[in-house]
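*Asks:* I would like to see how this sequence folds:
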Amino acid sequence: MLKIWVLVSDATRARVFSTAKSRGSLEEVETLVHGESRLHEQQLTSDARPGRNLAGNGNGMGHSMGHESDPKKQEGIRFAREICDFLSSAHAARRFERLYIMAAPSFLGELRHNLSKPVIQTVSEQIAKNVTRMDPATIRDHLPERL
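*Replies:* From the prediction side, this is the model:
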């Protein structure tokens, strides 16, 4: 029997479902939550204001240093890596053979970028849709009739 998993995710939560039959219902087997992605940017940084660089031309005047990247985006990237590491471990343990991914459009690219080659080979379909808050029956309706 083919082991089929469905991953639904956004930048704060990932849910993994399995089904025993290609036309079967979904059963939730794992939930990953990344609370840091829910925090406001000010809560993710130690100081909400950019720092000052006092090294300069010697006149004591420095320039403002902005954040190199958006802290919320960095947390999303970190969570995508965590999800992909989890999928790699689960695949190595032969917990699934086929994978369907449904993720928020803004997050799907991060997942794609971080999937390992063995996991990529199991992906049957990628759907850019945020369904993380939906019940399993509704999520199933967004998937192909036959998985």
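*Asks:* count the neighbours of the nearest residue in space to residue 87 that is not next to it in sequence for me.
*Replies:* Among residues not flanking residue 87 along the chain, residue 119 sits closest, at 5.0 Å (C-beta to C-beta, 6 or more residues apart in numbering). The C-beta positions use only the backbone N, C-alpha and C, and glycine is treated the same way. By other C-beta atoms under 10 Å, 20 other residues sit near residue 119.
*Asks:* quick check: residue 119 vs residue 133, distance?
*Replies:* Using C-beta to C-beta, to the nearest Å, residue 119 is found at 25 Å from residue 133.
*Asks:* cool, and residue 78?
*Replies:* From residue 78 to residue 133 the distance is 22 Å (C-beta to C-beta).
*Asks:* got the contact list for the residue nearest to residue 87?
*Replies:* 84, 87-88, 91, 99 (C-beta atoms under 8 Å, 6 or more residues apart in numbering).
*Asks:* next one: it from residue 82, what distance?
*Replies:* Residue 119 sits at a distance of 14 Å from residue 82 (criterion: C-beta to C-beta).
*Asks:* next: residue 31.
*Replies:* The gap separating residue 31 from residue 82 is 13 Å, by C-beta to C-beta.
*Asks:* try residue 139
*Replies:* 21 Å.
*Asks:* who has more neighbours, these two?
*Replies:* residue 139 (22 against 14).
*Asks:* quick one, phi/psi of the closest residue to that one other than its chain neighbours?
*Replies:* The shortest distance from residue 139 to any residue other than its chain neighbours is 5.1 Å, reached at residue 131 (C-beta to C-beta, 6+ apart). With angles defined as degrees, to the nearest 10, residue 131 sits at phi -120, psi 20.
*Asks:* residues contacting residue 131?
*Replies:* Residue 131 sits next to 8, 102, 138-139, 142 when contact means C-beta under 8 Å, 6+ apart.
*Asks:* now for the residues you listed, which pair is the farthest apart?
*Replies:* 102 and 138 (11.4 Å; C-beta to C-beta).
*Asks:* pull the distance from the longest helix seen in the chain to the chain's centre.
*Replies:* When secondary structure is assigned using DSSP state H, the longest helix within the chain turns out to be helix 71-92. With C-alpha atoms, centre = their mean, to the nearest Å as the basis, helix 71-92 stands 6 Å off its chain's centre.
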